[in-house]
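Trainee: Give me a model of this one.
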Amino acid sequence: MYTRRANKLMPDVDREQQQFLEAEHLVELHSVELKKELRLADLVLTQILYIVGLAWIGYAAKLGPANVVFWLAAVILFYIPSGIVIIHLSREMPLEGGIYQWAKLRFGDLAGFLVAWNLWFWTVILLSEIGIFTANSLAYALGPSGAWIAENKAIILGSGIAISTGLMLVARRGLALGKWVHNLGGATLVLLFSMILALAFLYWWRGHVTAAPMTFSLPALTIYNLNIFGKMGFGALSGFDGVAVFAGEYRSASAARSIRQSIFLAAPLIASMFIAGTACVLIFSQPADIDLVSPIAQIISLGTQGWRIGAWLAPAILLALFVGRIAQASLVFNATTRLPMVAGWDRLLPDWFSRLHPRHKTPVGAILFIGTLTIFVLILGSAGVGSQEAVQLMSNSAVILYALTYVLMFSIPLLGRGERAPWSVRVAAVSGLFTTLLYVVLSIFPVISVANPLGFTLKVGGTVLAVNAAGTLYFVYAKRKIRGVFDL
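Mentor: Okay, the predicted model is just below:
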């Protein structure tokens, strides 16, 4: 690719464009070593698995029946624009590392590194919730007698550490194994939502509907509701960039075409799953009673009460829910390990991070680093707070870190050097940027009741600032070290 483009350059090509091509060429050379495992079908299921976070429908259901209007607004203002921008950027820069490479090549090394840095911490905070999720799933599966499990720190920590270790082992084996885990998870989510729809229909048929599932009235534009809208927009519907991280591991000769096709195929199904899933929650529960930790587990437990088959049906569905969540964790973990690898290619991290397994061609150093950091945050985050507050604190901090990477991504078509984006992409970027900034501003406030709201806000904001300050300081150190090596 580099040679073909370079041959077309005029003799007076500017230095900036030449540096861009050289950087792109180096990424492509490194990517040759990676195993090519992913097909279009894998990418479609990966899109579903990466984007469909089950907790978000619980937040949406807090709006009551009017949630459908906010869902449609989120699709128009964020979901479709994000797809347009990501298709554009992946066509211009179809490189392993995805959004890291886009930011680096358009805004410079610091921007690229901070994107990767924020995504690393988003991942470890997100994955540190896996112990809480596991404990809640067990509590629902066992019924009232198992309620104590949800707050048992030994079970939360033990299951979280065990699952994190398993994620490292799967990631070490590579996408030859990982893609099957991801495909199983994506298919399980589709099946799970189908079963939830069936339960909701039967519940409605028997006349037990708790609340109207949807109306087309506009929710009140309060700060609380706008906070929920931000979660429905950026929080729930972000993630199209996830498959772009693996761009150097596609079997197709055109990574850009594969990403575009996967978005076109997965997007309608994903939007339908969120809207229908929220309606199902409201059939079973009043907005005030919704469990934000495990809303799906809650409605499955309620939906099978009084059934003769409920004794085995509820645990079976909850097992499917658990499989889907573990597969999501595996996908996010795998994607994030590619970021230290590509940062190592740019000499911003020690070579150890980008060293590949001799057989599986996976970044074993990055895998060990992300896994160890996840376990550390799991231990730190679950100490001294209640379950719902712990999830809110970690979730808000994590998704704000992720949102900052989208702020930069949407800025590329508008401000990126060398960008010549068409007007349609620029309009989409403005819409996506506005929705993302709304989420960032409002997400520092808690949705649930906490003992100290101001303290909660300070913790979230402080976490985000501290992470980015640490990333900037490390980048300065790494750049000075690189200059010192080359000066010798």
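
Trainee: OK, contacts around Val245?
Mentor: Taking CB atoms under 8 Å, 6 or more residues apart in numbering as the criterion, Val245 is in contact with 96-100, 335, 338-339. The way it works is simple: take the backbone N, C-alpha and C, and place the C-beta from them, glycine included.

Trainee: 6 Å - rerun?
Mentor: Under the criterion of CB atoms under 6 Å, 6 or more residues apart in numbering, the contact partners of Val245 comprise 98, 335, 338.

Trainee: So which of those sit within strands?
Mentor: If you go by DSSP state E, the contacts of Val245 have nothing in strands.

Trainee: Out of those, who's the most crowded?
Mentor: Taking other CB atoms under 10 Å to define a neighbour, the member of the contacts of Val245 with the most is Gly98, carrying 30 neighbours.

Trainee: if I look at the closest residue to that residue other than its chain neighbours, how far off is Arg172?
Mentor: With CB to CB, 6 or more residues apart in numbering as the measure, Ala244 is the residue that lies nearest to Gly98, at 3.4 Å, once sequence neighbours are left out. Separation of Ala244 from Arg172 (CB to CB, to the nearest Å): 23 Å.

Trainee: Please identify which of the two sits among more neighbours.
Mentor: For Ala244 against Arg172, the residue with the higher neighbour count under other CB under 10 Å is Ala244, and the figures read 28 against 18.

Trainee: List the residues that contact that one.
Mentor: Counting by CB under 6 Å, 6+ apart, Ala244 makes contact with 90, 98, 259.

Trainee: if we go to 10 Å?
Mentor: Remark: with contacts taken as CB atoms under 10 Å, 6 or more residues apart in numbering, Ala244 is in contact with 43, 86-87, 89-90, 93-102, 255-256, 258-259, 262, 335.

Trainee: now, which of the residues you listed lie within helices?
Mentor: Among the contacts of Ala244, the members falling in helices are 43, 86-87, 89-90, 99-102, 255-256, 258-259, 262, 335 (criterion: DSSP state H).

Trainee: mean confidence score for whichever helix or strand Ala403 is part of?
Mentor: Counting by DSSP states H and E, the element that carries Ala403 is helix 387-415. Average pLDDT, helix 387-415: 82.

Trainee: Begin at 14 from now on, thanks
Mentor: Let's use 14 as the start, then, which means that last one is helix 400-428.

Trainee: Tell me the gap between that helix and the middle of its chain.
Mentor: Distance of helix 400-428 from its chain centroid, counting by CA atoms, centre = their mean, to the nearest Å, is 10 Å.

Trainee: could you point out which element follows that helix?
Mentor: helix 436-455.

Trainee: Show me which residues of that next one are buried.
Mentor: Burial within helix 436-455, assessed by neighbour count using 16 or more other CB atoms under 10 Å, is assigned to 438-439, 441-442, 444-446, 448-453, 455.

Trainee: and after that helix, which helix or strand comes next?
Mentor: Helices and strands here follow DSSP H and E; after helix 436-455, the next one along the chain is helix 466-500.

Trainee: Tell me what angle that following helix forms with helix 436-455.
Mentor: Counting by axes from the mean of the first three to the mean of the last three CA atoms, to 10 degrees, helix 466-500 points 120 degrees away from the direction of helix 436-455.

Trainee: would you put the C-alpha positions of stretch 62-71 in PDB?
Mentor: Coordinates of the C-alpha atoms in stretch 62-71 are reproduced here as PDB (Å, rounded to 0.1, in the frame of the first residue of the first chain):
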ATOM      1  CA  LEU A  62     -21.000  -8.000  21.400                       C
ATOM      2  CA  TYR A  63     -18.900  -4.800  21.700                       C
ATOM      3  CA  ILE A  64     -21.800  -2.400  21.700                       C
ATOM      4  CA  VAL A  65     -24.700  -4.100  23.400                       C
ATOM      5  CA  GLY A  66     -24.100  -3.400  27.100                       C
ATOM      6  CA  LEU A  67     -27.000  -4.900  29.000                       C
ATOM      7  CA  ALA A  68     -26.800  -2.400  31.900                       C
ATOM      8  CA  TRP A  69     -27.700   0.600  29.600                       C
ATOM      9  CA  ILE A  70     -31.300  -0.600  29.100                       C
ATOM     10  CA  GLY A  71     -31.700  -0.300  32.900                       C
END
